[in-house]
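>>> no sequence on hand, only this structure:
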């Protein structure tokens, strides 16, 4: 028998569709941590995250059993899209107003973190700065926080983010732009330094 771990996602989907339940177990173990982290980061409630995580895999199983999955080589993105839609369904009634700063200067503060061996004081300052950035990200509107998480924590491209969230690439880029502007604005209001040593 083949070693299932070495198979591609699409090969595992084919095996599962033909009745091999261990193939789905392999897919589950391959994506469960990353998917749960995504859901929990967006929802920020462990009980709701657990529910949405389970609903995502139930929906995936039903879709696979009905032959509704189209092989694209991006099974993980497909799962994330299902989770994203379930999150939207769960919180549809809540709408966030986007806050925008009129600041003209922009820079990518989340990409400015330099990892290097530093003295203990520099390490502590950098750790506090990263903690502050995470706190600032959590203050963003949901759609901006989601894009920041997908881009910087899941290393997804803007094309993948657009596909998962069901918006255009320009909208995904715009959300990132506003997220960075808002992080800087909130940091200024709260007198938080975002400088890494």
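That came through, no problem. Here the structure is a predicted model, which means the values were calculated and not measured.
>>> biggest helix in the protein, by residue count?
When the chain is parsed with DSSP state H, its longest helix is helix 21-43.
>>> which strands and helices sit next to it?
Secondary-structure packing of helix 21-43 (3 or more Cβ pairs under 8 Å, 6 or more residues apart in numbering; DSSP states H and E): helix 9-17, helix 46-65, helix 75-90, helix 142-148. Every C-beta, even on glycine, is put in place using the N, C-alpha and C of the backbone.
>>> quick one, that helix and helix 46-65 angle?
140 degrees (axes from the mean of the first three to the mean of the last three Cα atoms, to 10 degrees).
>>> what's the offset of helix 21-43 from the middle of its chain?
12 Å (Cα atoms, centre = their mean, to the nearest Å).
>>> got the buried residues for it?
23-24, 26-27, 30-31, 35-36, 38-43 (16 or more other Cβ atoms under 10 Å).
>>> please apply the same query to stretch 134-148.
Buried residues in stretch 134-148, counted by 16+ other Cβ under 10 Å: 136-137, 140-148.
>>> now for the residues you listed, which pair is the farthest apart?
Based on Cβ to Cβ, the longest span within those runs between 136 and 143 and measures 15.8 Å.
>>> check contacts around the residue nearest to residue 73 when sequence neighbours are not counted.
Using Cβ to Cβ, 6 or more residues apart in numbering and skipping residues adjacent in sequence, the residue nearest residue 73 is residue 10, 6.1 Å away. Contacts of residue 10 were listed using Cβ atoms under 8 Å, 6 or more residues apart in numbering, and they are 71, 73, 75.
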